[in-house]
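Novice: no sequence on this one, just coordinates:
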């Protein structure tokens with residue numbers, strides 16, 4: 001079921017980011033591993049279709065940081081067991097790299113049109129409240145999230161999308177938090193898990209894509225948003241939480257949130273990922289944070 005609400009109110013240099021994120025993700029995973037791989041683990045690893053491609057990197061990691069290597073392998077085993085046991089979805093674990101997206105040609109980045117979803121002319125004589133109801137009902141039975149955003153709020157968001165083109169958001173996971181990277185392109189927001197970005201860079205698969213339709217921005221004073229998420233990576237609640245964080249950081253006049261954006265973009269050495277987690281826990285009590293899909 002869609003989650004729709006009326007809201008009131010390319011990639012940067014990642015060398016420093018890569019170093020700190022590797023630390024933060026492994027820290028929150030809470031790995032507990034043995035010092036030796038079993039023969040079964042070694043054989044299973046070699047059967048992985050990506051083994052030959054990354055064999056050198058795997059060997060290097062195994063030699064230079066065996067605990068981290070074993071930790072990743074152990075977490076992978078835990079994920080497989082969880083899937084096999086049909087673990088409850090509200091205990092979603094950390095993500096692992098997926099398959100890269102195919103490279104897109106240069107002529108596929110055109111603006112999305114609201115006309116392809118519904119007839120815009122039929123909305124011209126409707127009030128913003130009526131359009132909100134129509135938009136909500138349209139996605140009610142689809143596995144998507146949607147929202148109706150006031151034009152004045154979205155104007156702020158547009159300006160910040162342009163200045164702060166990339167950012168991170170935390171989402172709660174079974175044993176801590178996982179970070180999701182977002183990149184803005186015109187009126188679109190493209191989300192991918194940080195570990196996928198580190199593995200595939202610009203070809204990282206999306207876990208959430210949001211489009212903001214501005215056709216009614218001037219005469220109706222609203223912007224229509226719809227987001228489609230990868231159900232293997234996110235639940236509806238987690239997708240909705242990412243949308244809400246996007247609104248708060250990019251659409252509200254909050255100096256503290258703006259400072260997070262500024263440090264991430266202009267002063268990465270002063271940026272601390274733990275500040276984002278603290279901010280999330282402050283904004284949303286733990287009891288209402290989604291632990292997984294609805």
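Specialist: Received it, and whenever you're ready, just let me know what you need. Only a predicted model underlies this, so the values are computations on that prediction, with no experimental measurement involved. Numbering: from 1, shown residues only.
Novice: Neighbouring strands - and their directions - for the host helix or strand of residue 148?
Specialist: Using DSSP states H and E, residue 148 falls within strand 144-150. Here strand 144-150 is paired, per DSSP bridges, with strand 3-6 (parallel), strand 222-229 (antiparallel).
Novice: List of residues touching the last one?
Specialist: In this case it means strand 222-229. Applying CB atoms under 8 Å, 6 or more residues apart in numbering, the contact partners of strand 222-229 are 114, 117, 128, 131-132, 135, 139, 143-151, 154, 189, 207-214, 216-217, 236, 238-239, 243. Placement of C-beta: from N, CA and C, glycine included.
Novice: repeat that with 6 Å
Specialist: 128, 135, 144-149, 154, 208-214, 216-217, 239, 243 (CB atoms under 6 Å, 6 or more residues apart in numbering).
Novice: Could you tell me which of those belong to strands?
Specialist: Judged by DSSP state E, the subset of the contacts of strand 222-229 located in strands is 144, 145, 146, 147, 148, 149, 208, 209, 210, 211, 212, 213.
Novice: neighbours around the closest residue to the last one other than its chain neighbours, how many?
Specialist: The reference is to residue 213. Spatially, and ignoring its direct neighbours in sequence, residue 213 is nearest to residue 114 (4.0 Å; CB to CB, 6 or more residues apart in numbering). Using other CB atoms under 10 Å, the number of residues around residue 114 comes to 17.
Novice: ok, residue 114 to residue 120 distance?
Specialist: Noted for residue 114: a distance of 6 Å to residue 120, by CB to CB, to the nearest Å.
Novice: got it, and residue 134?
Specialist: According to CB to CB, residue 134 and residue 120 sit 12 Å apart.
Novice: Likewise for residue 238?
Specialist: Distance of residue 238 to residue 120, computed by CB to CB: 31 Å.
Novice: same deal with residue 241?
Specialist: Distance, residue 241 to residue 120, using CB to CB: 30 Å.
Novice: Same drill for these two, tell me which one is more crowded.
Specialist: Using other CB under 10 Å as the criterion, residue 241 and residue 120 rank with residue 241 on top: 23 against 13.
Novice: shaky segments in the stretch 101-250 of the chain?
Specialist: 101-110 (pLDDT under 70).
Novice: Kindly recompute the last result at 80.
Specialist: Residue ranges of the stretch 101-250 of the chain with pLDDT under 80: 101-111, 175, 199-201.
Novice: hang on, the earlier thing: quick check on the ones in strands among the contacts of strand 222-229: which are buried?
Specialist: Buried by 16 or more other CB atoms under 10 Å: 144, 145, 146, 147, 148, 149, 208, 209, 210, 211, 212, 213, out of the ones in strands among the contacts of strand 222-229.
Novice: The closest residue in space to the fourth one that isn't next to it in sequence: neighbour count?
Specialist: Of all residues beyond its chain neighbours, the one nearest residue 147 is residue 225 (4.5 Å), with distances taken as CB to CB, 6+ apart. If you count neighbours by other CB under 10 Å, residue 225 ends up with 25.
Novice: now what about the stretch of helix or strand residue 265 belongs to, what contacts it?
Specialist: Per DSSP H and E: residue 265 is located in helix 255-266. The set of residues external to helix 255-266 that reach it, using CB under 6 Å, 6+ apart, is 164, 167, 249, 270, 271.
Novice: Kindly tell me how buried the second one is, as a neighbour count.
Specialist: The burial count assigned to residue 167 is 23, neighbours taken as other CB under 10 Å.
Novice: From residue 154, how far off is it?
Specialist: For residue 167, the distance to residue 154 equals 17 Å [CB to CB].
Novice: got it, and the fourth one?
Specialist: Spatial separation of residue 270 from residue 154 under the definition CB to CB is 29 Å.
Novice: And for the third one?
Specialist: When CB to CB is applied, the distance between residue 249 and residue 154 equals 14 Å.
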